[in-house]
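Chemist: Coordinates for the following, if possible.
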Amino acid sequence: MTSEALKSRTEAPEELDVAALREKYRHEAEKRRKGESNRRYRTMSDESRHTYAHDPYSPPIVRDPIAEDVDVVVLGGGFAGLLAAARLKEQGVASMRIIDMAGDFGGTWYWNRYPGAQCDVESYCYLPLLEETGFIPTQRYSYGPEIFEHCRRIARTFALYEHALFQTVVQTMRWDETIRRWRIATNRGDEIRARYLVMGPGPLANPKFPSVPGLSDFAGHSFHTARWDYAYTGGDPTGNLVGLEGKRVAVIGTGATGIQAIPHVARHAEHLYVFQRTPSAVDERGNRPTDPEWAKTLRPGWQAERQRNFHVGANERFAPDELDLVHDGWTEINRTLQAIVGDREPTAAEWAALREEQDFRIMERVRQRVGSIVEDAETAETLKAWYRFGCKRPCFNDDYLPTFNRPNVTLVDVSDANGVDRITPRGIVAGGREYEVDCIIFASGFEVTDDLKRRFAIDAIDGRDGLSLYDHWGERMQSLHGMSSHGFPNFFFTGYGQGGVSGSITLGYDLQAKHIAHIVKTALPEGRVVEPTWEAQQDWLDTISRHLSFDTAFWHECTPSYLNGEGAAIKKYTVWGEPYGGGYYAFEEILETWRNEGMPGMSVS
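Modeler: Residues are numbered from 1 along each chain as shown. You can find the predicted model right below:
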């Protein structure tokens, strides 16, 4: 290994009581488990919809209903939909509609305009199509406004605005065998008939709220972080929330969103109460501007090379002499392990044991970091994350922990009190005490669940003979390569499922987009109907079962989060679906071979 790689080995205590740590992890997870998984949260279809479903960022779009025939409809204007549409345009598809409920492209990055919103994966890997658009991010970890603008840049580069239907919600999608098209109905009275349908809604589309009694009783002001109300708070995504001066504010939620927004709220609120069920593991961010001299050294293909390196470091295993190009918290465990084993080839059992040991060491270092920053010992202890790396999404921020040294900030631990008890007209009750506040900010995230109807928020997705996708996938997703399903002709979907999982989600989206665009290009000239055969689908399901890549025991032991169904027993799959376990780039090779062999198992009529 290089000297640089050896320097990256984790600094942690020499001695760890692993048995005691396992028991502590078990205890902390158990006290947070309660009831039925997603019943802890409400969707916008509940009583909160009238308050939170509107779009505060764009003026209302007024238009007449549309009735038209198009070749392709892409559902979603975030990165998944953008990449699908861009790759379809590259293949010559001109008749297209892109439908999104937002007022512009961007998806999550359209809605997430809260102060401090930032990408937690290196922007050179996360932001797609950098070479195609000629853009270099200004910082190593881009903030929300730059990411949103890059989404718009992609749309302009590939001339996608002319195809967009914004502020439009799809209500039903039904296959009509008589015209061999999908009939798509929207809340605006549209009837769009599409030969091919590509779903790219992404996993972070619909805000969710804690299922707390009295949610609508609060007499003060409230909003969700995905609908940040700058008219109330003042300021903008960079901060300066002067409208909160003199106000008592509560933030519910300390996940990735909360840790980014809370420091900005604390700087201006008269007093801030942070309600925490489970602490995030918060490590150093260390953001920095992009070095223009480094940018000048980049050569064609640089982004794909860096994305591959990051994926291997975060998800797989570095080669003995491979340099970690990204070298951040996501790649730390594998970077450290490779420095330990060097050129030696450990057994699978030895590798797993070494990985678990480094997991314990890294998490202990992160906990010690809390104690070194937060001055009050009791608060510091409450902020420590007692679970394995990856049980909750790891967070990186340099302002969050110091915030709890401010005299106007109070951390309210609700891990033992069954969460927040209720909301009253005056504030929040937790642990039997009422906290009177003027404003409640819900940093409770999005609908990330294996309940497809909750996640998609579409009333009906019906294939051939009225077969409901929700029923068809009730027990298990049924797919070929995680992108098409028998019984649903000319229907494609992107995102996590039964395919390869990449270190950066946008890399996976782009692989799927290219694959789907190839299939559509092949079928479109003659208006062919394409659909995987039942036999090919079963073969892929068998392949998935043989190469399943997640550890069910690991997720059972984890503290409750959206990643393990809020602590519910995992019977089918995690939030990532049933990923192909042979490796992301091995999956890419499977797709390439399948295309080169003429798409065997895909019925074309």
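
Chemist: Show me how the record splits the chain into domains.
Modeler: By the assignment in automatic domain parsing, the chain contains the domains 67-206+448-531+579-604, 208-280+413-445.

Chemist: Turn these into JSON lines, columns for mean neighbour count, mean pLDDT and distance to I61.
Modeler: The C-beta positions use only the backbone N, C-alpha and C, and glycine is treated the same way. Listed next are those as JSON lines, based on neighbours: other CB atoms under 10 Å; pLDDT from 0 to 100; distance: least, CB to CB, whole Å:
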{"stretch": "domain 67-206+448-531+579-604", "mean neighbour count": "20", "mean pLDDT": "94", "distance to I61": "5"}
{"stretch": "domain 208-280+413-445", "mean neighbour count": "20", "mean pLDDT": "94", "distance to I61": "17"}
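
Chemist: looking at those domains, which is closest to D17?
Modeler: Distance to D17, taken as CB to CB, is lowest for domain 208-280+413-445 among these, at 20.6 Å.

Chemist: and that closest one, how far apart are its ends?
Modeler: For domain 208-280+413-445, the first-to-last residue distance is 6 Å (CA to CA, to the nearest Å).

Chemist: what's the answer for stretch 76-96, then?
Modeler: 13 Å.

Chemist: Could you look up the SS state of T254?
Modeler: coil (DSSP: H, G, I helix; E, B strand; the rest coil).

Chemist: Contact partners for it?
Modeler: Counting by CB atoms under 8 Å, 6 or more residues apart in numbering, T254 touches 262, 274-280, 443.

Chemist: do the same with D376
Modeler: D376 neighbours (CB under 8 Å, 6+ apart): 404-405.

Chemist: Quick check: phi and psi at it.
Modeler: phi -80, psi 120 (degrees, to the nearest 10).

Chemist: Look at it and report its pLDDT.
Modeler: Listed pLDDT for D376 reads 98.

Chemist: Kindly provide the distance from it to T410.
Modeler: Distance of D376 to T410, computed by CB to CB, to the nearest Å: 10 Å.

Chemist: Ok, E316 next?
Modeler: 43 Å.

Chemist: again, but for E357
Modeler: 37 Å.

Chemist: what about those two, which has more around it?
Modeler: E357 (18 against 15; other CB atoms under 10 Å).

Chemist: Identify the residues contacting the more buried one.
Modeler: E357 neighbours (CB under 8 Å, 6+ apart): 16, 18.

Chemist: element containing it?
Modeler: helix 348-373 (DSSP states H and E).

Chemist: Could you pull out the buried residues of the following helix or strand past that helix?
Modeler: Once the chain leaves helix 348-373, the next helix or strand it forms, by DSSP H and E, is helix 377-382. Of the residues in helix 377-382, 379-380, 382 count as buried by neighbour count, 16 or more other CB atoms under 10 Å.

Chemist: Put together CSV for the residues you listed, with distance to R285 and pLDDT on each row.
Modeler: Shown next, in CSV, are those (distance: CB to CB, whole Å; pLDDT from 0 to 100):
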residue, distance to R285, pLDDT
T379, 21, 98
A380, 19, 98
T382, 22, 97
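
Chemist: In a markdown table: those, plus distance to I362.
Modeler: Formatted as a markdown table, the buried residues of helix 377-382 follow (distance: CB to CB, whole Å):
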| residue | distance to I362 |
| --- | --- |
| T379 | 22 |
| A380 | 18 |
| T382 | 20 |
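
Chemist: closest to W109 among the residues you listed?
Modeler: After measuring the buried residues of helix 377-382 against W109 - CB to CB - the closest member comes out as T382, at 31.4 Å.

Chemist: Kindly reformat the domains of the chain as a markdown table containing distance to K24.
Modeler: Below are those laid out as a markdown table (distance: least, CB to CB, whole Å):
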| stretch | distance to K24 |
| --- | --- |
| domain 67-206+448-531+579-604 | 26 |
| domain 208-280+413-445 | 13 |
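
Chemist: To V326, which of those domains lies closest?
Modeler: domain 67-206+448-531+579-604 (5.3 Å).

Chemist: Now do the end-to-end distance for the closest one.
Modeler: 27 Å.

Chemist: Over to stretch 426-437?
Modeler: OK, stretch 426-437 end separation, CA to CA: 6 Å.

Chemist: list the contacts for K453?
Modeler: Here K453 is in contact with Y470 (CB under 8 Å, 6+ apart).

Chemist: Check which helix or strand it maps to.
Modeler: helix 452-456.

Chemist: what do you get for R335?
Modeler: helix 332-341.

Chemist: on contacts alone, who are the packing partners of that helix?
Modeler: helix 3-7, helix 302-315, helix 348-373 (3 or more CB pairs under 8 Å, 6 or more residues apart in numbering; DSSP states H and E).

Chemist: if you compare those helices, which one is most tucked away?
Modeler: Mean neighbour count (mean count of other CB atoms under 10 Å) peaks for helix 302-315 among those, with a mean of 20.

Chemist: How far off centre is it?
Modeler: 18 Å (CA atoms, centre = their mean, to the nearest Å).

Chemist: outside of that helix, which residues touch it?
Modeler: Here helix 302-315 has contacts from 121-122, 124-125, 130-131, 318, 322-326, 330-331, 334-335, 501-504, 507, 584-585, using CB under 8 Å, 6+ apart.

Chemist: Since that was my last question, I'll sign off now.
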